[in-house]
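Q: structural data only, the sequence is not supplied:
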């Protein structure tokens with residue numbers, strides 16, 4: 001049986017969810033409580049921070065892309081722990097207009113599916129009793145959703161806190177803590193969100209400060225006592241792309257959903273990591289090569305000069321399948337233009353030319369029906385994924401990999417590409433549609 005859990009959410013992005021989540025993970029860990037973290041929705045960056053703070057691999061759970069059986073199955077990683085904490089995405093009810101496999105992708109959907117009460121963090125700067133109206137609206141908007149309580153963030157003074165608490169008392173909402181403004185706990189950001197955990201030289205110190213800060217201002221015992229749920233299920237198997245998988249893994253290629261790696265290994269596959277930035281080629285004994293997303297545009301010059309990597313990848317692709325997602329897809333292309341307008345030659349296994357000099361955001365869920373096989377999936381397979389990048393396609397000379405649509409069913413022009421044994425897409429695979 002899984003332990004009880006809570007979902008940490010907020011009315012909007014930028015309110016302090018990640019700071020509270022990291023602080024709770026660190027504080028509970030310091031107190032000897034084993035916590036299993038999860039992340040609602042398609043996010044690569046937050047789970048790495050969760051893992052650093054908790055000492056356990058954080059797993060994404062997504063109601064738009066995953067079926068209820070898969071979500072319940074993935075939740076089994078919490079078996080044997082004391083508490084589950086899941087971090088929400090965006091605002092509590094923010095999802096897509098048209099439901100997907102098991103929901104609309106919102107944090108509220110996941111909380112209700114798993115039976116986890118919600119702890120809401122509120123940025124109360126610039127307001128007092130009105131904050132209670134926001135909390136009350138979140139508590140009552142969806143029947144069946146349980147609000148455990150709120151944590152107040154960016155509290156200006158003792159008087160300010162007293163006024164906010166008075167509003168919460170009147171609304172019948174429990175206050176579990178109040179966090180004063182703290183400029184010492186700041187996580188650097190870049191265009192896709194937070195700078196990755198592995199790029200933070202002061203990460204351990206930041207997490208320690210967050211744990212001490214949250215532990216001093218939040219009632220941890222009361223919060224833990226409000227945890228509920230613990231639903232488990234048989235789950236659904238994740239199909240690995242091969243038996244022995246050569247996986248590009250470094251600062252340029254780091255966006256891999258943890259649930260995929262866990263699923264591949266659970267299915268008996270072996271993952272062999274290599275670093276293109278260190279000019280390493282994929283292991284020639286592997287039967288498939290997978291290049292995940294990341295930030296190739298920040299390392300384009302190094303990748304262009306990685307002769308051993310490019311030559312080895314080319315030899316591998318002559319006889320074995322190679323697949324790239326987003327950043328990996330761009331690295332498989334003919335060239336990449338960086339933000340300064342400088343073109344860098346890429347692997348040349350696909351005809352794709354991309355540019356960051358002409359930035360345009362591409363964001364959202366993707367439903368794809370494969371027009372041709374890709375590693376792990378046959379032609380005709382229905383896949384669910386997510387796209388998030390700023391690259392512009394200058395040219396795309398190869399046959400399309402899939403018919404791709406957004407969450408509303410509208411066709412998307414980024415269809416992916418295929419040439420010989422090489423495939424690539426801008427969408428990151430989350431799951432195969434059940």
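A: On my side now, so go ahead. In this text, all values refer to a predicted model and were calculated from it rather than measured experimentally.

Q: determine the set of other helices and strands touching whichever strand or helix holds residue 51.
A: Secondary structure assignment for residue 51, by DSSP states H and E: helix 45-54. Counting contacts by 3 or more CB pairs under 8 Å, 6 or more residues apart in numbering; DSSP states H and E, helix 45-54 is packed against helix 17-30, strand 35-40, strand 193-194, helix 203-217. To be clear about C-beta, it is placed using only N, CA and C from the backbone, and glycine gets the same treatment.

Q: pick the most deeply packed of the ones you listed.
A: strand 35-40 (a mean of 28; mean count of other CB atoms under 10 Å).

Q: elements contacting that one?
A: Strand 35-40 sits against helix 17-30, helix 45-54, strand 59-61, strand 83-87, with contacts defined as 3+ CB pairs under 8 Å, 6+ apart.

Q: the longest one vs strand 35-40, what angle?
A: Which is helix 17-30. 160 degrees (axes from the mean of the first three to the mean of the last three CA atoms, to 10 degrees).

Q: quick check: most distant residue from the centroid of the chain.
A: Computed with CA atoms, centre = their mean, the residue of the chain farthest from its C-alpha average is residue 159, at 37.9 Å.

Q: buried stuff in the helix or strand encompassing it?
A: Counting by DSSP H and E, the element that carries residue 159 is helix 158-171. Neighbour-count burial for helix 158-171 flags 160, 161, 163, 164, 165, 167, 168, 171 (criterion: 16 or more other CB atoms under 10 Å).

Q: could you tell me the least trusted of the helices and strands packed on strand 35-40?
A: Ranked by mean pLDDT, these end with helix 45-54 in last place, scoring a mean of 93.

Q: return the set of buried residues in it.
A: Buried, per 16+ other CB under 10 Å, within helix 45-54: 45, 46, 47, 48, 49, 50, 51, 52, 53, 54.

Q: same question, stretch 334-351
A: Quick answer for stretch 334-351 (16+ other CB under 10 Å): 334, 335, 336, 337, 338, 343, 344, 346, 347, 349, 350.

Q: span of it from start to end?
A: Taking CA to CA, to the nearest Å, stretch 334-351 runs 5 Å from one end to the other.

Q: pLDDT weak spots in the stretch 101-250 of the chain?
A: The model of the stretch 101-250 of the chain has pLDDT under 70 over residues 187-201, 231-236.

Q: going by distance to residue 355, which of the buried residues of helix 45-54 wins?
A: residue 45 (23.6 Å; CB to CB).

Q: so how far is residue 293 from the closest one?
A: Per CB to CB, to the nearest Å, residue 45 is found 11 Å from residue 293.

Q: next one: residue 364
A: Going from residue 364 to residue 293 by CB to CB gives 15 Å.

Q: between the two, who's got more neighbours?
A: Using other CB atoms under 10 Å as the criterion, residue 364 and residue 293 rank with residue 293 on top: 26 against 16.

Q: now do the same contact list for that one.
A: Applying CB atoms under 8 Å, 6 or more residues apart in numbering to residue 293 gives the contacts 44, 253, 255, 325, 326, 327, 328, 329, 389, 428.

Q: in the sheet, who's paired with it?
A: residue 255 (DSSP bridges).

Q: do the same with residue 324
A: Here residue 324, judged by DSSP bridges, has bridge partners residue 291, residue 424.

Q: between the buried residues of stretch 334-351, which is closest to residue 208?
A: Of those, the one sitting nearest to residue 208 (CB to CB) turns out to be residue 338, at 35.8 Å.

Q: once you drop chain neighbours, what's closest to the closest one?
A: residue 300 (5.1 Å; CB to CB, 6 or more residues apart in numbering).
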